[in-house]
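[1] got a predicted model here, sequence first, then my questions.
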Amino acid sequence: MPNLSGLKAEIQSVKDIGKITNAMQLVASAKLRRIGKKVVETHEYVSEVYGVFNEIIKQTEDSIFLLKPGKEIKKTLWVVVNSNLGLCGGYNNNVNKLVMAGIKENDEIFAIGNKAVSFYKARKIAIRSQITNLDINFSNEQAREIGQDIMSYYTSKEFDEIKLVYTKFINNVTFEPTELTLFPIKKDAEEAKKGPKQEIQFEPSPTVILEATVNLYLNTVLFGTIVESQVSEQASRRTAMENATNNGEELSKSLSLKYNRERQGAITQEISEIVSGANAQQDN
């Protein structure tokens, strides 16, 4: 006789898991709407700061923050943005694959997110610092604190290069892992040749302004990229949980169909046995 009780328990288990994934999908959707507004609100500010600093960088001739020709990069600090929680599809894996493709033996990790900490610890890669308390309420103040640490590592010459790897948000279903060099800043040769569309005069010199305000530049980059990562995380989790819920519903239907068939087969077999028994008694 088929194991109907086992099938029934499996169907119930799938339905229970489906309730959980559906609830997580709703939570992720709510968080996505909330932090999505934050991205829209900060996008204009971030774009303006980027624009101003690009002009400053183009006119700066020499600075410790600019890449010097022929400079050898011996040691890199990788600032890696992961999530604190799992169940968000390939969000963390895609970022970590990008890091692992470029990391060198002496490099170290600045881990943002529990998943980054556990991933690089498991691979015995040195973690210089870790932050595991960031959420959708990420603020400029938190970006400033992270920026201070990163700046100190670079200006003290502990690292020759600082790279940031995060997830760039394109739309609710498209996001891509992105690698960004924070320091040293590489000037765009083609843009430098073109010069500014409009003559911009800086007082005092662009070099002095860059070194006085580079913290603002770094904090803006960190704030913008981490917020983008968090939006991508929630969008990825919503998509993953939606797919899991849909797959669970299909599996539940498939198991229910199998259960009904097995149950019908068992009933048919019982009827056949009863009829056979009755016929046997009549023959006697």
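    That came through fine.

[2] now Ile125. Nearest residue, chain neighbours left out?
    With sequence-adjacent residues excluded and distances taken as C-beta to C-beta, 6 or more residues apart in numbering, Ile125 is closest to Ile109, at 5.8 Å. For the C-beta atoms, the positions are set from N, CA and C on the backbone; glycine is no exception.

[3] mind listing the strands in this protein by residue range?
    76-81, 108-112, 127-131, 161-171, 174-183 (DSSP state E).

[4] what sits up against the first one?
    Among residues not part of strand 76-81, those counted as contacts by C-beta atoms under 8 Å, 6 or more residues apart in numbering are 95-96, 99, 103-104, 107-113, 116, 120, 128, 150, 153-154, 158-167, 182, 225-226, 229.

[5] now it against strand 127-131, angle please.
    20 degrees (axes from the mean of the first three to the mean of the last three C-alpha atoms, to 10 degrees).

[6] in TSV, list the strands of the chain along with mean neighbour count, distance to Glu48 and mean pLDDT.
    Formatted as TSV, the strands of the chain follow (neighbours: other C-beta atoms under 10 Å; distance: least, C-beta to C-beta, whole Å; pLDDT from 0 to 100):
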stretch	mean neighbour count	distance to Glu48	mean pLDDT
strand 76-81	25	23	96
strand 108-112	24	25	97
strand 127-131	16	27	95
strand 161-171	20	19	92
strand 174-183	17	19	91
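
[7] format those strands as a markdown table; extra columns: distance to Ile57.
    A markdown table is the format used below for these (distance: least, C-beta to C-beta, whole Å):
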| stretch | distance to Ile57 |
| --- | --- |
| strand 76-81 | 20 |
| strand 108-112 | 23 |
| strand 127-131 | 26 |
| strand 161-171 | 16 |
| strand 174-183 | 12 |
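
[8] and the ones you listed: which comes nearest Thr60?
    strand 174-183 (13.7 Å; C-beta to C-beta).

[9] gap between that closest one and the chain center?
    11 Å (C-alpha atoms, centre = their mean, to the nearest Å).

[10] can you pull out the low-pLDDT segments for this structure?
    1-2, 188-203, 278, 283-284 (pLDDT under 70).

[11] what ranges do the helices span in it?
    Along the chain, counting by DSSP state H, helices occupy 4-59, 91-102, 114-122, 140-155, 189-194, 206-283.

[12] check the gap between Ile112 and Asn133 for me.
    Note on Ile112: its distance to Asn133, by C-beta to C-beta, to the nearest Å, is 10 Å.

[13] Gly102 contacts Glu179, doesn't it?
    Yes: counting by C-beta atoms under 8 Å, Gly102 touches Glu179, with 7.2 Å between them.

[14] identify the contacts common to these two.
    Lys163.

[15] give me the contact list for stretch 169-180.
    The contact list for stretch 169-180 (C-beta under 8 Å, 6+ apart) reads 32, 39, 91, 94-95, 97-98, 102, 163-168, 221, 225, 228-229, 231-232, 235-236, 238-239.

[16] can you give the distance of that stretch from its chain's centre?
    9 Å.

[17] same check, this time on stretch 255-266
    Worked out by C-alpha atoms, centre = their mean, stretch 255-266 lies 43 Å from the chain centre.

[18] cool, and stretch 251-262?
    37 Å.

[19] buried sites along it?
    In terms of neighbour count (16 or more other C-beta atoms under 10 Å), stretch 251-262 has its buried residues at 251-252, 255, 259.

[20] buried ones only from the contacts of stretch 169-180, please, as a PyMOL command.
    To isolate the buried members of the contacts of stretch 169-180 in PyMOL, using 16+ other C-beta under 10 Å:
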select buried, resi 32+91+94+95+98+163+164+165+166+167+221+225+228+229+231+232+235+236+238+239
